[in-house]
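>>> here's a sequence, model it:
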Amino acid sequence: MNYLTLTILAAIVVLFIVVVFLYYRKHYMHIKRKEYYEDGNVKCEYYTLDGIKDGIESIYYPTKEINKTKTWSHGVLEGPFIVYFRNGKPYIEGSYSKGEYKGLYSVYDLNGSIISKREY
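Residues are numbered from 1 along each chain as shown. This next block holds a predicted model:
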């Protein structure tokens, strides 16, 4: 084999590896995504798997404090969520199952005392 043939063969192998990696990354690896407010502060962070939300999503107030966290499973809300006061203390805690409220849903005041509880 001459030099040109080896170079072409090597380029084809490298291209094949890149294509396989990109396919694997899109379909089998969680990719972290971020969205931003106009001023550049992070609005939310979440993970996607095959282009669909999967994992914990964190949403922030424009002033950078955590606003809420929620859990996704294959594009459906599944698992715990927490909504926070701006001071970082929990305001609402609950959980989702198949996109609907499930289990105990608790609401707190600024001091952390429970205001109300509800079972779904």
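>>> helix, strand, or coil at Ile17?
helix (DSSP: H, G, I helix; E, B strand; the rest coil).
>>> report pLDDT for Val14.
According to the model's per-residue confidence, Val14 sits at a pLDDT of 83.
>>> now do the buried residues in the helix or strand harbouring it.
In the assignment (DSSP states H and E), Val14 maps to helix 3-28. Within helix 3-28, no residue qualifies as buried by neighbour count (16 or more other C-beta atoms under 10 Å). Any C-beta I mention is one placed from the backbone N, CA and C, and that applies to glycine too.
>>> show me what that helix is packed up against.
With contacts defined as 3 or more C-beta pairs under 8 Å, 6 or more residues apart in numbering; DSSP states H and E, helix 3-28 has no helix or strand neighbours.
>>> report the angle between the helix or strand just after it and helix 3-28.
Stepping forward along the backbone from helix 3-28, the first helix or strand reached (DSSP H and E) is strand 31-36. Note on geometry: by axes from the mean of the first three to the mean of the last three C-alpha atoms, to 10 degrees, strand 31-36 and helix 3-28 are set 70 degrees apart in direction.
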